[in-house]
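Q: coords below, sequence missing:
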């Protein structure tokens, strides 16, 4: 599982508008993809140079311009110039460690959010900073590497009949954020399934493995919460934004997203409580089992210790031990031992140890 | 007990207005029931086709149109067309996993809430998403299966003298929500009874069964809380709604509901604390019992270990052990052992172990 | 101790204005008492019929009309008609399980609160729903049974010089609520005294009884909190109410009540923390004592086990054991044992076990 | 340590304006002290009768009138009459158990706060209710006993050059409150020092004494928190008060006090967490030490139990035990035992028990 | 690690405008440094007297006046006079124990914040109170000792092309605060790395060292939180300040700081939870290991105790023990013992102890 990323010493004190890439380089070179569409036309293009985007900038169609790879400051500077974006905006895009936030600029709306993705086969969760810049007719999305969770949106765009083909960039942004948050819920519910599966073994067979599982699920949940929870604030701000690029109808959709992220957070809160409860139950079960172990040892010891003592007494080699001479001593000893054992068993029965 | 429902991969990225059924199919076919009434008339009808509802749509009487089964998108589409409802509304109705919410549309008020029901004989709790759409003269209620908690309301409607017969759809909606929340309180108080019953055995006989009970009650309570708590927000929004379909007098009733749901939530919070306390008490009792067990073992061991050692000494076969020859050695040994035992008992008495 | 009251199945879905008694019948028949006073006159009367109250309704004096017993719907209906009260108000009065609340009606102010009373001899705590309806010149108080906490107020009314004789119904209501809340504080501080008394035995002698005490005090405190905490909201609303029946000067007093109920809640919060701390300390003390027990056992065992083993070796009956023949073997054995014991004691001393 | 004060039965239901002393009498007779000053003059006087204060009432100088002892209702009544104070105000002064509060009356500002004082030699903490009544030219301060924390203020007043000599009663009030809150911080930081001192022994030598210390520090901190935390609300209200007796410049000082009390509360919160952590660490260390103890016992037992068993076998007196006859049996037995011991040690080494 | 600083008795009751140094003297003499710059010029000067600063006071360039050492009241008084600052402001600067705060004065904005610094080689964290006073053209920064975290800002100032050269004192203040907060995040993430490193050993080898590590990391985190969390309030107030010395553009930057400090606080909250979880896991692992130890002891004891008892029986020296005479008795005994052992092993196997 990915660890929390660290702040490094050389990342301190950078000016806010410096195009400094903060994060790990996750892709060799920057990749640029264009999806351009309106109600009747649809086009998908890979660009080789950032300048080529200029022809889409002023068209009337909706253009989704996706940039994979944030480590190349020059490429981003070109994009900034093409769309007349302030350096501050691009510097934010390159700071992949920042908290999710939304800013309302004069010529665009810029936001960032963590995109979580779970591999379909390895179940590994990857986290990546997604930045979106929204202008009238172009939506720019910035990702740290190729591969994302947006295929269902692309599918919908390709389908001529979908509402998305008739809507603007704001609706496209909604669709993207919706998918990001749906993935939050999806990943949390997958984790939750694993958590609930622990239940069955918890009381019956509290092995060390379960403890390890609880521990690693706790860490994973912590990791998810740290990435998901701060997004709430951003989504809430977005749902109240006043911008020329976002119309009333889209605001309604953004308000829906608040409910969705609430659901994600509530789920993760629930699972966190459940994990804490499980750890408590585990610990208590362990203590209870220890009790059983010790009862067994004590019952055995308390019964046999006096018996062994008696046998020891008559194993002494004193010249004069009167009982040794008596013919039935041996049987009397057995009798006494039998009686003592019965008494002990009765005592333990009464105290409900047996 | 029902588990939290999961988000599946193919549920991600659906457009917000797609009539996609999210949930389990719990009923074979859609069933439509009409209760139509005003102060003087009363009629109960089962419809076979959704189109038949049209004659009630514009009548002056109050019509309660109940739809059981949400998996049939076509049936819902027909209903949407009949009542001129936006696709978004019906898509929400079909998303049985969504959080409770209320929306104020131009031509209707739409809300959803989780309906909890406890079987009278098996005591099993089922959860189901209830959606209500309120227009001037028709209230549409959507449920996932047949069977609900609304019989007392139907009873009241049948009774000509009841206030409900003289009131509008808003009062009918209040009556339905009131029953849903009353059932929350009812189910929580049933669960609470089970929780309080644990008390008696907790200190006397902390068996593993009690631990299992505490654990399963915790899970059940968690499940209830997850379904009930999010409803608070919706009810609060409802109590402040401004809509042509809801008059002032009904708002007063909705405000009462806020108090009721608060009571439900406070109860569940109380029981949650009690369960945590019980687990703590259980664990502490277990530790305290272990102490008793170990004290017994230690007292026995500490008394007998030196005695057995002494007997062992005189069981050695050395050719020359002076004490063995002495006639009263055996009795002296018994005396020493007796004195040692007394000393030990005195010591344990002083340390309050006995 | 009283348990939380349950919601029963037949209490679900009642219309809000139905005069349905929810609770236990705690008194055989309804009792009606009148205290009527102004600055110069004072009268105390028991009524046999509800209708007799009518002569007080429109008098200029202040009338305190106390009704004990809420199970008789007819009696309440008569009262409602006499004072022209909405059925909703009386239905609320009869719902003894409701949360504390205050409503500002056109012709009255109605509120309810839990009245806690501690018996002077048995120390038992009883809880009862108190409803107050305030009109210009009459204050109606509804209780579930006879006996209440209001004697000091009656005393003050009987005393001609008291301010209460010159004040209106609003001041009377303040006086009643003040006493109810004073009793909260009184009962909590009594409970607190018991909690603090536990302290002394907690560390010295952590017996099972203390655990039982902690547990039962926890439950009692829980019970108090559940009854007291929801009153805060009501008192707060009351301190901001705008009503013709309550003048500015009384609002100042109501504001004082907010401080008082805060004090009650803060006290109960403190005691809750203290109880949790005590349980923790108890558990830790138990563990620490177990450590002592096990150290004792281990020290004894570790010292004697090797000695007993040595004795056992020389108790074997092999034909040829060279040491047995040697004259001083026995004494050498004692020497070795003595040395071993010393070494062990030194070891335990060094590890601070002794 | 002082316990939380109790509410007694006869304190319930008192009218709000009754001059009833609630608390313990801590001083034999009431003492009256006057400090009167302006920029150029300074006078310190002990009064024998309350009436003598009248000459200071209307002077232009600033008068600080300190009253020690609150149990004498007559004396307070005289003061009330002299300054034309409502009975309600004096009744509040006499209620030493009330929560800190501030009231803005027409002719004065009245407030109360808990004054904590730590004896310089015995380190004992005493708590006392301090009431302050502020008028244009007189500040009345009411304390339960003589002795207070205000000497530094008196020192400053005596010094002609200090700002306090040129300021009004509001600045004097600020100076007094500032000292009260400084004492909060002082006492908490003293307590904190004791808490931090526990650290060193916590892990090395978790004796029962440390547990007792943690427990008693917890109680002391609880006591402080209960007295300090409610003051925040009062100070906050004070910093926003609008009164003729308090000018803008003093409000700025009052705002500083909010920061100071926040610091006190944050410190006590920190120390509370630290104490909880310490208890946890203590408990865990205890468990970990128990583990060591049990490992030692187990290692010893597991090694010697089989050896002693073998010796026991050859100590039996059967007529026919073939091994006994064999000449080297005894040495073979030693060999086997040696090997067994080695095997055991190896096993424990591998499991990291040694 | 630095401890929380204490409030001393002689620090109580100081007037708010007294220039009293509260804290430890950390530097021998006061050092004064000037960095003066505008878009084209740059100058770095060390002053020997506070008066020399006067030539910078009214220049048009931006002047950063850094003062190291706060214990010299005279030096500060000179500065106050030069810049016509109220004594209150300088008194605040000298109170190094105060909470972070910001004040908006007529002729300046004054704020204070804790500056945390981690030594690059020893990793030791030092805390220091930083005060900043902002006027139109001069920024005064006060530190307790020389050495700070501001070198990257100085670097940027030296570089002619940087935005900071063209901006005012408000942007300079932003740059300084940004670095202070970046250091918070940096230090927390370093601590976090240590916390995460504990994980690996936690379950495998829960030694006492890990407990010590958890404890000391808890204390360190506590220390950081106590210094960092109160800064949030100040930064928030700063982001909403209305002052002539701060322009709109800088307010945008201050708002960014709110996000940064939130990130710091959220990180520290996460790590606090993780540490608590680790302690829980540690304790539970310890209990689970104890279980293993006790199982081993019990299995061994329960198997061998009866065997040893049997051997003891036939070691008795009674004259008449029939079994002893029988030739195969010895072998029968072995057989019985073998069978008993098998039975025991089977029993333990069934209970999953082996």
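A: On my side now, so go ahead. Keep in mind the model is a prediction, meaning the values are calculated, not measured.

Q: what residue ranges in chain A are flagged as low confidence?
A: A:1-6 (pLDDT under 70).

Q: Which helix or which strand is home to the residue of it at minimum distance from chain E?
A: Going by Cβ to the nearest Cβ, chain E is nearest to residue A:13 of chain A, at 2.9 Å. Where C-beta positions appear, they are placed from N, C-alpha and C, glycine not excepted. For residue A:13, there is no helix or strand it lies in under DSSP states H and E.

Q: Which residues of chain A lie near chain C?
A: For chain A, the residues in contact with chain C (Cβ under 8 Å from any Cβ of the partner chain) are residue A:315.

Q: Is there proximity between the longest helix along chain A and chain B?
A: For chain A, the helix with the greatest residue count under DSSP state H is helix A:248-313. Yes: for helix A:248-313 and chain B, the contact criterion (Cβ under 8 Å from any Cβ) is met by A:253, A:256, A:259, A:262-263, A:266-267, A:270, A:273-274, A:277, A:280-281, A:283-285, A:287-288, A:290-291, A:294-295, A:297-298, A:301-302, A:305-306, A:308-309, A:312-313.

Q: Narrow those residues to those that are buried.
A: A:253, A:256, A:259, A:262-263, A:266-267, A:270, A:274, A:277, A:280-281, A:283-285, A:287-288, A:290-291, A:294-295, A:297-298, A:301-302, A:305-306, A:308-309, A:312-313 (16 or more other Cβ atoms under 10 Å in any protein chain shown).

Q: Mind jotting down where the strands sit in the stretch 51-200 of chain A?
A: With strands called from DSSP state E, counting those that start in this stretch, the stretch 51-200 of chain A shows them at A:62-68, A:101-104, A:109-118, A:125-134, A:138-143.

Q: contacting residues around the closest residue to chain B within the stretch 201-350 of chain A?
A: Residue nearest to chain B within the stretch 201-350 of chain A: residue A:312 (3.5 Å; Cβ to the nearest Cβ). When contacts are counted by Cβ atoms under 8 Å, 6 or more residues apart in numbering or on different chains, residue A:312 touches B:307-308, B:311-312, B:315, E:312, E:315.

Q: and what of residue A:224?
A: Neighbouring residues of residue A:224 by Cβ under 8 Å, 6+ apart: A:116, A:125, A:184, A:187-188, A:191, A:268.

Q: Would you mind giving those as JSON lines with neighbour count added?
A: Shown next, in JSON lines, are the contacts of residue A:224 (neighbours: other Cβ atoms under 10 Å in any protein chain shown):
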{"residue": "A:116", "neighbour count": "23"}
{"residue": "A:125", "neighbour count": "19"}
{"residue": "A:184", "neighbour count": "26"}
{"residue": "A:187", "neighbour count": "22"}
{"residue": "A:188", "neighbour count": "27"}
{"residue": "A:191", "neighbour count": "22"}
{"residue": "A:268", "neighbour count": "22"}
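
Q: now, among those, which is nearest to residue E:22?
A: residue A:268 (44.2 Å; Cβ to Cβ).

Q: what about the closest one, distance to residue A:236?
A: 17 Å (Cβ to Cβ, to the nearest Å).

Q: swap in residue A:186?
A: 22 Å.

Q: swap in residue A:49?
A: 38 Å.

Q: Which one's more surrounded, those two?
A: residue A:236 (16 against 9; other Cβ atoms under 10 Å in any protein chain shown).

Q: How about the contacts made by the more buried one?
A: residue A:258.

Q: Equivalent analysis for residue A:47, please.
A: A:32-34, A:53.

Q: redo that, cut-off 10 Å
A: Listed by Cβ atoms under 10 Å, 6 or more residues apart in numbering or on different chains, the contact set of residue A:47 reads A:30-34, A:53, A:56, A:65, A:67.

Q: what do you get for residue A:149?
A: Here residue A:149 is in contact with A:115-118, A:128, A:130, A:176, A:179-180, A:182-183, A:186, B:12-13 (Cβ under 10 Å, 6+ apart).

Q: Nearest to residue B:109 among the contacts of residue A:224?
A: Among these, and counting by Cβ to Cβ, the member closest to residue B:109 is residue A:184, at 29.2 Å.

Q: My guess is that closest one contacts residue A:230. True?
A: No: if you go by Cβ atoms under 10 Å, residue A:184 and residue A:230 don't touch, sitting 12.0 Å apart.

Q: joint contacts of those two?
A: Joint contacts of residue A:184 and residue A:230 (Cβ under 10 Å, 6+ apart) are A:113-114.

Q: Burial check on residue A:18, number of neighbours?
A: Residues near residue A:18, counting by other Cβ under 10 Å: 16.

Q: and it, how far is that from residue A:7?
A: Distance from residue A:18 to residue A:7, by Cβ to Cβ: 16 Å.

Q: Likewise for residue A:241?
A: 29 Å.

Q: Comparing the two, which residue is more hemmed in?
A: residue A:7 (23 against 17).

Q: Just the element for the more buried one, please.
A: Going by DSSP H and E, residue A:7 is not in any helix or strand.

Q: isn't it right next to residue E:186, touching?
A: Yes: using Cβ under 10 Å, residue A:7 is in contact with residue E:186, at 4.5 Å.

Q: Spit out the residues that contact these two alike.
A: residue E:264.

Q: Top of the contacts of residue A:149 by number of neighbours, please.
A: residue A:180 (26 neighbours).

Q: Which residues are in contact with that one?
A: Residue A:180 touches A:113-117, A:130, A:132, A:148-150, A:231, A:235, A:257, A:260-261, B:12-13, counting by Cβ under 10 Å, 6+ apart.

Q: Then residue A:345?
A: By Cβ under 10 Å, 6+ apart, the neighbours of residue A:345 are A:299, A:303, A:353-354.

Q: buried ones in the helix or strand harbouring it?
A: If you go by DSSP H and E, residue A:345 is part of helix A:329-350. Within helix A:329-350, the residues scored as buried using 16+ other Cβ under 10 Å are A:329-330, A:333, A:337, A:344, A:348.
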